[in-house]
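A.B. asks: The following block contains a protein sequence and its predicted model.
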Amino acid sequence: MHISFLSAITDYLRGDGAVILPEVQLTLFGLGILLIDFTLGAKERYLNAGLAFVGTLFSAYTVWKLRLPVATNGSRYGFHDSVIVDPFFLFFAGLFLAATALVILLSVKFLEIEQEQEGEYYALLLFACVGMMFMASGSDLIVMFLGLETMALSFYVLTGFLRRDKRSNEASLKYVLLGAFSSGILAYGFSFLYGLSASTNIGLIGSALGQLRQLAHVVAVSHLSGAQGEPMRQMLQRDLPIAQNFDPVLLQLLPILAFVLVAVGLFFKVAAVPFHQWAPDVYEGAPTPITTYVSVASKTASFALLLRLFLNVFTVSRMEWIYLVAGIAVASLTWGNLAAITQTNVKRLLAYSSISHVGYILLGVVGAFSVEGPGLNQAGAKGIAFYLLAYVFMTTGAFAVIIVLRQKGLIGEELEDLNGLYQRSPAAAVLLLIFMLSLAGIPPTAGFMGKYFIFLSLIETHHPVLVLIAALYIVPALYYYFRIIVHAWLKQPGEAPRPVMSSAQAVALGVAVFVTLAAGLYPEPFTRLAEYAQLAQYALGR
Amino acid sequence: MDFFANHILSVVLFTPLVGAILLLFIPREAEMAHKIAGNIFGVLGFLVSIPLVRWWKPGPDPFSFQENVAWIPTIGARYHLGIDGISLLLVMLTTFLGMIAILSSWSAIHQRTKEYYILLLLLQTGMIGVFVSLDFFLFYVFWEVMLVPMYFLIGVWGSDRRLYAAIKFFLYTLAGSVVMLLGILALYFYAPVEPGATRTFDVPTLLKGAQTFSDPLKVWLFWAFFFAFAIKVPMFPFHTWLPDAHTEAPTAGSVILAGVLLKMGTYGFIRFSLPLLPADGPMRSRIIQVVIVLSLIGIVYGALVCLMQKDMKRLIAYSSVSHLGFCTLGIFALTPNGLAGSVLQQINHGISTGALFLIVGVLYERRHTRLISEFGGLATPMPNFAAVYLIISLSSLGMPLLNGFIGEFTILQGAFQVSKAWAAWGTLGVILGAAYLLWLYQRVMFGPVTQPANEHLPDLNLREMATLIPLIFLAFWIGIYPKPFFALIDKPVESIVRQVNPNFYQMERAKLPPAEVPAAMAETK
């Protein structure tokens, strides 16, 4: 029996629809939650979480299946080359879905204690994930920007989800204002890119900027007086008379200006110094599962966007901006590490520590891009991917322990609240130790392997000073991570109750600790996964 | 049995780890069960290491008992174990002292016994791993992993300032090791690779590759490794973590710290730093000068500081600075005698200082103080203790017929061959060593019993005897008949000196009249 409506859908799903199928599934599940939420009683609201979790599984399955056609036929494009499915996307989509699933598992009990078990929460988590996936799959400025905003808007709401909590409200407002500001800067940068290339496709923009660079060189030479500039003047006269009037300084300056604006917008999103001020407040005020999500997924997604843009659009001018990025990285390392030392709130402490992790990843960007184009330094490319992977699981794990501590009558966010955790819950204390060691970069954990690749790439590309700074900052980092450990292991417990772990939390913690340890003890499959992301070979072919 | 023979190093390495894992399953309240299990695995760890000596048959390959399997193929890291004579001695020292340290904790530790024994056993695996790894990546993993149990041993079971001492220990060592990590990565990157092959972390391969490096690169690499090892040893002026850590750690922790941990630094110098020395010339002599001067300062300064200490444990801690100064002096004299003496002295220091810490532990368990002024005239209530303590003091200060003498004498001999001044300063350290150790003994043991609390202190019990007598036995053995020990290390020492300081053998031969050239030297071309 032929039903035209159905066949239209299947045709669509075989064509353009296939490249956005994972996102479509997540959206449908999100909408489904919004509908079903009405029918559930107050006691049954947790079923929303189950639905959301199943949604991430479905989407993950689709992502997993997409790997085969990508492997055999190469990257798939859709919607007039504005969305692309390639190993880069599949790698990042996997990370986002893993993070989302973990956050869902961690949220159920937390929301119950906060008495905010609402369906919208889970729907927004899924919508945020959709946004992130478009940030990784977009190859068009518009799609990328829409993805970014979808994610950011969901986060603004989620940050303020504890309506009765002043800190949550304050965090949300701060996030909205600074987030809108940074999106504005980013959009302004995008407008420059469009103006310079008359296209929103990043592949086209990249080649246009490459031509522009040559043109700027030609014009600059043609402005030299006398015989030196004469051949170029004649060439311009013959081929492109209009360019005779161009200002050579402006021609060189505009792409740099575009880069600076785009980079500043993205540095805001990843919370790199000096654009990090929102991070500690948002981290502290947001519900802890959302803190996890902001810290882990939004950062990873912003890095995916950043890499996509840097690789395709700004790759020709890499030697000009590499030191800017290096400066930002060192500033993030310095400020993140030093400010974390004096924090007494664990969430705030982890906020500053995550700023220092951004510094390490940006150093990976420096290492990766410090070779003569168009490719990347292998170790650096692997390092970024591995570091992000490790970061997702170890940070989620660290926050998960804090979430487990949240009990009725105990917030569990202050260092003091951790006192004697070892006596109260040995398992939580051991897990916390593993995550802290991994965050600090002590082998054999995932965090060490991430740092290993990044350090190696910096040595390979001859950045001895940068790598020395990066390595030595492990020492203060260990100091503040071990402040947490001192409280959890070496202080006597006070009146605090024994934390009780729900089974969902236990599963999330188990997954996080498994990846953190496995990627340190037997990193082989994970390095292969990082290689699969193919950052090094990646550039849009069409 | 075949499996055991082929994987003997893995067995030695992981026996303590298996013990730690098994201990996890004993309930927290069963204190006696923890003690028994901990001791069983301590003894077992030593027993499985005995075949290493029994089966020791050095072949043409400098490393025996090798195991080599792929671990992380994409980066070229392998699970590669192997030992030569030097590491064999250090492994035996580790398993032996580990067993004694575990036994010594029987009555000293009453809280969190389960975790205590788990951590001691984990530490044991980490330390053995450092000595048997022949892959830089694996080596670094063990080097770092070991810090964590030590941190907790000091931090949980230490005395008053334990938190400060524990984190200081961790941060100091970490600062050195991250710089070493960069050195390892640079070595890995710059070592020549055949086209198409993946790079490797294999220690012998990389150190051989390093011979092709330019001198400035070697100098950089040398310093990168130097900081890690110098902090670990510790050399003056990187020693400030040591008095705190040794003093605050529980007895077993101090024994392990002084006995084994410090040797990881000197082992690193011998195994990794010496091959990275630049070729003979001004660069090398400047490095040697710096290191030797720091060693000599360490010897004399450590000894002088010992004279001023009020706390017995702190005194012994500073004496380690002085004694380890001898070890580095011997290593960087670059002569066979210096190097062999240094290796032997490392073993001696593990035996003597380990025993001294046990002695302090005995007193601390009885009186809960380590202040010298609290004691006096202990020879009257504790005669057996007095005898044991005297032998150990004499062994530590270098009395002939005991182990310390052999080590220090050989080192000074090796240093003398290079420079008379070095030997002179070193001898000053020996004299001061006698001064502080004998003065300490006099203040604690002789004279009338000054404190009423000391009048009826019980003498050594059987268990304490059992920890100390084996050490005394070894001290006499090395002191009277050190040949089997030198026989183990002669070959690796010779090959190191031949590689690092090839001029030495030529010069030695030139000094002798042709007829008297010994056969071994005549072979060298």
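C.D. replies: Structure's in. What do you need?
A.B. asks: Sketch out the strands for the stretch 351-500 of chain A, chain order is fine.
C.D. replies: In order along the chain, the stretch 351-500 of chain A carries no strands (DSSP state E, counting those that start in this stretch).
A.B. asks: Quick one: name the residues of it near chain B.
C.D. replies: A:433, A:437, A:442-444, A:448, A:452, A:455-456, A:459-460, A:467-468, A:471-472, A:474-475, A:478-479, A:482, A:486, A:489-490 (Cβ under 8 Å from any Cβ of the partner chain). In this view, the C-beta of every residue, glycine as well, is placed from N, C-alpha and C.
A.B. asks: Can you list the low-confidence ranges for the stretch 1-150 of chain B?
C.D. replies: Applying pLDDT under 70 to the stretch 1-150 of chain B flags the ranges B:1.
A.B. asks: mind running it again at 90?
C.D. replies: The stretch 1-150 of chain B contains residues with pLDDT under 90 at B:1-8, B:24, B:26-32, B:52-66, B:72-76, B:84-85, B:104-114.
A.B. asks: Output the set of residues of it in proximity to chain A.
C.D. replies: Near chain A, when you scan the stretch 1-150 of chain B using Cβ under 8 Å from any Cβ, you find B:71-75, B:140-141, B:144-145, B:147-148.
A.B. asks: List buried residues within the residues you listed.
C.D. replies: Listed as buried from those are B:71-72, B:75, B:140-141, B:144-145, B:147-148; burial here means 16 or more other Cβ atoms under 10 Å in any protein chain shown.
A.B. asks: what about the strands in the stretch 1-150 of chain A?
C.D. replies: Counting by DSSP E, counting those that start in this stretch, the strands of the stretch 1-150 of chain A are A:76-78, A:83-85.
A.B. asks: hmm, who's touching the first one?
C.D. replies: By Cβ atoms under 8 Å, 6 or more residues apart in numbering or on different chains, the surrounding residues in contact with strand A:76-78 are A:15-20, A:66, A:69-70, A:83-86, A:139, A:542.
A.B. asks: repeat that with 10 Å
C.D. replies: A:15-21, A:66, A:69-70, A:83-86, A:89, A:137, A:139, A:203, A:540-542 (Cβ atoms under 10 Å, 6 or more residues apart in numbering or on different chains).
A.B. asks: now do the last one
C.D. replies: Outside of strand A:83-85, the residues that reach it under the criterion Cβ under 10 Å, 6+ apart are A:16, A:18-23, A:63, A:66-67, A:69-70, A:75-78, A:89, A:93, A:133-134, A:136-140, A:143, A:147, A:202-203, A:308, A:540-542.
A.B. asks: try it again with 8 Å
C.D. replies: A:18-20, A:66, A:70, A:75-78, A:134, A:137-140, A:143, A:540.
A.B. asks: Highest neighbour count among these?
C.D. replies: Among the contacts of strand A:83-85, the one with the most neighbours (other Cβ atoms under 10 Å in any protein chain shown) is residue A:137, at 28 neighbours.
A.B. asks: so that residue makes contact with residue A:89?
C.D. replies: Yes. Using Cβ atoms under 8 Å, residue A:137 is in contact with residue A:89, at 4.4 Å.
A.B. asks: ok, back up a step: any idea which of the strands of the stretch 1-150 of chain A scores lowest on pLDDT?
C.D. replies: For those, the weakest mean pLDDT is recorded on strand A:76-78, namely a mean of 85.
A.B. asks: Adjacent strands (with direction) for that one?
C.D. replies: strand A:83-85 (antiparallel) (DSSP bridges).
A.B. asks: what pLDDT does residue 482 get?
C.D. replies: Since you didn't name a chain, this refers to chain A. Residue A:482 is given a pLDDT of 92.
A.B. asks: wrong one, I was asking about chain B
C.D. replies: 90.
A.B. asks: ok, residue B:406 - contacts?
C.D. replies: So residue B:406 contacts B:341, B:344, B:348, B:478-479, B:482 (Cβ under 8 Å, 6+ apart).
A.B. asks: What sits closest to the most centrally placed residue in chain A if chain neighbours are left out?
C.D. replies: The centroid of chain A falls nearest to residue A:300 when counting by Cα atoms, centre = their mean (1.4 Å). In space, and not counting its chain neighbours, residue A:300 is closest to residue A:388: 5.2 Å by Cβ to Cβ, 6 or more residues apart in numbering or on different chains.
A.B. asks: number of nearby residues for the one you found?
C.D. replies: By other Cβ under 10 Å, 24 other residues sit near residue A:388.
A.B. asks: now swap in residue A:439 and tell me
C.D. replies: 28.
A.B. asks: and the gap between it and residue A:314?
C.D. replies: Look at residue A:439 and residue A:314: by Cβ to Cβ, to the nearest Å, they are 30 Å apart.
A.B. asks: do the same with residue A:355
C.D. replies: Counting by Cβ to Cβ - residue A:355 and residue A:314 are separated by 23 Å.
A.B. asks: For stretch A:281-297, buried residues please.
C.D. replies: A:281-297.
A.B. asks: send the alpha carbons of that stretch over as PDB?
C.D. replies: What follows is stretch A:281-297, C-alpha atoms only, in PDB (Å, rounded to 0.1, in the frame of the first residue of the first chain):
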ATOM      1  CA  ASP A 281      28.800  33.000  39.600                       C
ATOM      2  CA  VAL A 282      26.900  30.900  37.100                       C
ATOM      3  CA  TYR A 283      28.600  27.800  38.300                       C
ATOM      4  CA  GLU A 284      27.800  28.600  41.900                       C
ATOM      5  CA  GLY A 285      24.200  29.700  41.400                       C
ATOM      6  CA  ALA A 286      22.900  27.100  38.900                       C
ATOM      7  CA  PRO A 287      21.400  23.800  40.100                       C
ATOM      8  CA  THR A 288      24.500  21.500  40.300                       C
ATOM      9  CA  PRO A 289      23.500  19.200  37.500                       C
ATOM     10  CA  ILE A 290      23.200  22.300  35.300                       C
ATOM     11  CA  THR A 291      26.600  23.500  36.500                       C
ATOM     12  CA  THR A 292      27.900  20.200  35.300                       C
ATOM     13  CA  TYR A 293      26.100  20.600  32.000                       C
ATOM     14  CA  VAL A 294      27.400  24.100  31.500                       C
ATOM     15  CA  SER A 295      30.900  23.200  32.500                       C
ATOM     16  CA  VAL A 296      31.100  20.100  30.400                       C
ATOM     17  CA  ALA A 297      28.800  20.200  27.400                       C
END
